[in-house]
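# attaching a predicted model along with its sequence, questions to come.
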Amino acid sequence: MKYLETNKNLNESARILRKNMTPEEKHLWYDFLKSYPVQFNRQKVIGNYIVDFYCKTAKVVIEIDGSQHFEKETVEYDGKRTEYLNGQGIEVVRFLNKDIRNNFENTCAYINTIIEKRMG
C-alpha cells in the first residue's frame, strides 16, 4: 500500500475545522459516517490538502460543497486538488450542502455503493 504524504503544518487547521464543521458536515458525520462499518476520518490532511471525510480502506474522499465551490478560483483549486487525490489512487465524491439537507438517505446510499464498489 502506498504511503500518503501529509503536510504536518496543516494539522492544526484540520483540528480547527473538525471543531467547526458545517451543519451539513455534522449531519453526515454524526448520523452516518461516524458509525459506518468501514472507518472514516474527518478533516484529514492528505498532501497539502484537508479533505472533509476520508476512508483509507476504500481510498475515497467525500466532499461537502457549499456555494463558494462555484466561484471560478475555487473551481480551479478543487480541480487541482481532485487531480492530486486521483493521482494518489483516491476517488473524490462531491455532494452539495442541499444534497445532505434535502436528500440525506439517497446520499448515504450512494456513499455506501461507492465504498462497496471500491472495496470489491
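Everything's here; your move. Numbers count the residues shown, from 1 in each chain.

# where do the strands of the chain begin and end?
When secondary structure is read from DSSP state E, the chain shows strands at 41-46, 49-55, 60-65, 91-96.

# what's the distance between the third one and the middle of its chain?
To tie it back to what came earlier, the one meant is strand 60-65. Mean-position distance between strand 60-65 and its chain equals 3 Å (C-alpha atoms, centre = their mean, to the nearest Å).

# likewise for the first one?
Shown here is strand 41-46, whose average C-alpha point lies 8 Å from the average C-alpha point of the whole chain (C-alpha atoms, centre = their mean).

# show me what it is in contact with.
Strand 41-46 has contacts (C-beta atoms under 8 Å, 6 or more residues apart in numbering) with 4-8, 10-11, 14-15, 17-18, 21, 25, 29, 33, 50-56, 61, 85, 88, 90. Using the backbone N, CA and C atoms, a C-beta is placed for each residue, glycine as well.

# mind redoing it with 7 Å?
With contacts defined as C-beta atoms under 7 Å, 6 or more residues apart in numbering, strand 41-46 is touched by 4, 6-7, 10-11, 14, 17-18, 29, 50-54, 85.

# could you do the second one as well?
If you take C-beta under 7 Å, 6+ apart as the criterion, strand 49-55 is touched by 10, 13-14, 17, 25, 33, 38-44, 46, 61-64, 81, 84, 115.

# pull it out as PDB, backbone CA atoms only.
The C-alpha coordinates for strand 49-55 follow below in PDB (Å, rounded to 0.1, in the frame of the first residue of the first chain):
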ATOM      1  CA  TYR A  49      -4.900  19.500   1.300                       C
ATOM      2  CA  ILE A  50      -7.500  18.900   4.000                       C
ATOM      3  CA  VAL A  51     -10.400  16.800   2.900                       C
ATOM      4  CA  ASP A  52     -13.800  16.700   4.500                       C
ATOM      5  CA  PHE A  53     -14.000  12.900   5.000                       C
ATOM      6  CA  TYR A  54     -11.600  10.100   4.100                       C
ATOM      7  CA  CYS A  55     -12.000   6.400   4.000                       C
END
